[in-house]
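1. sequence unknown, structure follows:
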C-alpha cells in the first residue's frame, strides 16, 4: 500500500507550516498539496521550504478545488468561514476532512454536520492526546460528583487568539455538562463582572486570559465544601496538534461519512 496523501490548507500560517513538517516527517504520509488565500505573499513558494524541511516540490496555490479532488485527506486549521467552504468541497469529493478550526457558531456547526453526510469529517477543538484524555476525565468526574461541586473552567492562550472561551474550554464544558446530563447552553456562566450575586448551583463557569506567546493551558476545577479537584493540561508546543491531526487523517481512511471527534480516533 502506498503513502496516504494529505493536503494542507492555510499552509503558510504557523499551524499550516507545522502540519507540512509533520506530514513530511511521518512515515506512510506524503504531502498532496498546499493552499493559501488570495493575495498571500507565500503563493508559489515551496511548502517544504516554508516549513523548514527542505524542498518538497509542492508549491502553494490559491485554488483548493483540485486538492480536495485528488488528496487522500485534507487538514484545515484556518477560520470558520473558510473551513465551511472547504467542508463543501470535501463533501463534493467525499474527501476525508480533518478540522482543527475553532470558533464556530451553532449555525456553522450545523453546516459541518450536513457536509459530514457525504464525507468522513473529524472535527475536534483540540487534536492533542492529552487534551482529549482530559475531556474524557472531565465527563467522568462530573458524572461521579453531585452538583454541590462547582465546576469552573480556566484557560489562557497567546495574545493573538481571537476567540474566547477557547474551543477546547467549550469542549471541556460540553463534557462536564454531558457528565451531569444537561445541555451546556443551559448552565454556562461567562464573563462575570460587577455585582453578580451568589454563584448559581449547577452552573459551569468559564474564565479566559490572553497574553504573550502561551500555547494553551486548560484547568477544570471541581470545588466542593472543604476540598477541590483540579485537572490540568499545559501545551508546550503546537506540534502536538499537528501530530494528532495527521493521526486523524490516517484513521479517517477507513471510515464512512460522518462527523467524528478525536475521541473516536483515539478509541476513548
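-> The structure has been received and is ready for your questions. Worth saying up front: this structure is predicted, and the values here are computed from it rather than measured.
2. How is the chain partitioned into domains?
-> Domain assignment for the chain by automatic domain parsing gives 4-123+238-266, 129-235.
3. Pull the contacting residues for residue 176.
-> 138, 139, 142, 151, 153, 184, 204, 220 (CB atoms under 8 Å, 6 or more residues apart in numbering). Any C-beta I mention is one placed from the backbone N, CA and C, and that applies to glycine too.
4. The second one: what's it in contact with?
-> Residue 139 makes contacts with 175, 176, 178, 179, as judged by CB under 8 Å, 6+ apart.
5. again with the first one
-> Contact analysis of residue 138 by CB under 8 Å, 6+ apart lists 172, 175, 176, 179, 220, 231.
6. The same query, at a cut-off of 6 Å, please.
-> 172, 175, 176, 220 (CB atoms under 6 Å, 6 or more residues apart in numbering).
7. Return the subset of these lying in helices.
-> Residues of the contacts of residue 138 located in helices (DSSP state H): 172, 175, 176.
8. next one: phi and psi at residue 227?
-> Backbone torsions of residue 227, given as degrees, to the nearest 10, read phi -160, psi 160.
9. separation between it and residue 180?
-> As judged by CB to CB, to the nearest Å, residue 227 and residue 180 stand 19 Å apart.
10. ditto for residue 148
-> Residue 148 sits 12 Å away from residue 180, taking CB to CB as the criterion.
11. Can you lay out the contacts of residue 176 as JSON lines showing distance to residue 242 and pLDDT?
-> Listed next are those as JSON lines, based on distance: CB to CB, whole Å; pLDDT from 0 to 100:
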{"residue": "138", "distance to residue 242": "24", "pLDDT": "97"}
{"residue": "139", "distance to residue 242": "26", "pLDDT": "96"}
{"residue": "142", "distance to residue 242": "30", "pLDDT": "98"}
{"residue": "151", "distance to residue 242": "30", "pLDDT": "98"}
{"residue": "153", "distance to residue 242": "25", "pLDDT": "98"}
{"residue": "184", "distance to residue 242": "28", "pLDDT": "97"}
{"residue": "204", "distance to residue 242": "30", "pLDDT": "98"}
{"residue": "220", "distance to residue 242": "25", "pLDDT": "98"}
